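Participant: Here's a sequence, model it:
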Amino acid sequence: MLKKIAFAACSLLFAANLMAAQPAGKPTHVLLTTDMGQIEIELEDTKAPISTQNFLGYVDSGFYSNTIFHRVIPGFMIQGGGFTSSMMQKPTKDPIQNEASNGLHNVRGTIAMARTSDVNSATSQFFINHRDNESLDSTPGHVGYAVFGKVVKGMDVVDMIAQTPTTTKQGMQNVPGVPILIKSAKRID
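Facilitator: Residues are numbered from 1 along each chain as shown. The predicted model follows:
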């Protein structure tokens with residue numbers, strides 16, 4: 001009986017050591033399914049918790065389904081997550097606090113929160129950097145734009161979207177002439 005108790009205790013300690021050695025958790029991944037293909041994004045849950053939770057709130061509610069990439073500038077970025085194909089802006093939750101000083105940088109393939117000139121105005125809209133955009137990073141005297149993840153699959157889709165011919169619609173410049181639909185945004189394992 002004593003051997004069984006000792007074996008159980010050793011097994012429990014071994015299992016506890018294994019669990020302690022595991023990372024805190026895998027990063028969250030989101031799959032954007034667009035008219036032009038799929039884009040898989042890995043989120044920075046730890047470094048950008050406010051932006052990540054905000055984005056996931058919109059993902060989980062289905063908010064991004066049937067929105068478009070409404071601002072496309074090749075060699076800069078593609079922006080989406082706020083307008084329908086008829087250029088109607090969707091109602092959003094309250095703005096979030098800017099966390100651009102999280103140590104992440106606006107380099108090619110990263111996703112960041114779009115905002116107005118008010119540094120704490122980000123809601124649902126995001127952009128994917130088409131190139132390194134150091135001017136969007138947080139520096140002394142410049143708040144910057146909060147990066148909260150990166151494209152891990154589908155950068156070729158981002159490149160295709162970035163090359164789409166654009167026009168001016170309802171006073172907005174750089175709008176794709178043919179809408180580029182975000183069919184869905186879902187968490188994946």
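
Participant: When you work out contacts or count neighbours from here on, use the C-alpha atoms and nothing else.
Facilitator: Fine.

Participant: what are the ranges of the helices in the protein?
Facilitator: 2-21, 49-61, 155-162 (DSSP state H).

Participant: Does the last one pack against any helices or strands, and if so which?
Facilitator: Going back to what we said before, that points to helix 155-162. strand 37-43, strand 67-73, strand 77-80 (3 or more Cα pairs under 8 Å, 6 or more residues apart in numbering; DSSP states H and E).

Participant: Please repeat the previous calculation with a cut-off of 10 Å.
Facilitator: In terms of contacts (3 or more Cα pairs under 10 Å, 6 or more residues apart in numbering; DSSP states H and E), helix 155-162 is packed against strand 37-43, strand 67-73, strand 77-80, strand 126-129.

Participant: Could you tell me how far that helix lies from the centre of the chain?
Facilitator: 15 Å (Cα atoms, centre = their mean, to the nearest Å).

Participant: Now do the buried residues in it.
Facilitator: Using 16 or more other Cα atoms under 10 Å as the test for burial, helix 155-162 gives 155, 157-159, 161-162.

Participant: Using TSV, please lay out the residues you listed together with distance to Gly171 and pLDDT.
Facilitator: Converted to TSV, these look like this (distance: Cα to Cα, whole Å; pLDDT from 0 to 100):
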residue	distance to Gly171	pLDDT
Met155	29	99
Val157	27	99
Val158	24	99
Asp159	25	99
Ile161	21	99
Ala162	20	98
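
Participant: From these, pick the one nearest Gly177.
Facilitator: Checking the buried residues of helix 155-162 against Gly177 by Cα to Cα gives Ile161 as the nearest, at 11.5 Å.

Participant: re earlier: which stretch in the helices of the chain is the model least sure about?
Facilitator: Lowest mean pLDDT within the helices of the chain: helix 2-21, at a mean of 38.

Participant: Let me know the pLDDT of the nearest residue to Thr67 once chain neighbours are set aside.
Facilitator: Of all residues not flanking Thr67 in the chain, Thr84 sits nearest, at 4.5 Å (Cα to Cα, 6 or more residues apart in numbering). Looking at Thr84, its pLDDT reads 98.

Participant: count of residues packed around the closest residue to Pro176 other than its chain neighbours?
Facilitator: In space, and not counting its chain neighbours, Pro176 is closest to Thr166: 4.1 Å by Cα to Cα, 6+ apart. Residue crowding around Thr166 was assessed by other Cα atoms under 10 Å; the count is 18.

Participant: Quick one: residues contacting Thr166.
Facilitator: Counting by Cα atoms under 10 Å, 6 or more residues apart in numbering, Thr166 touches 70-73, 173-179.

Participant: same thing but at 6 Å, please
Facilitator: Thr166 is in contact with 174-177, counting by Cα atoms under 6 Å, 6 or more residues apart in numbering.

Participant: just to revisit the earlier point, measure the residue nearest to Thr67 to Thr46 for me?
Facilitator: 31 Å (Cα to Cα, to the nearest Å).
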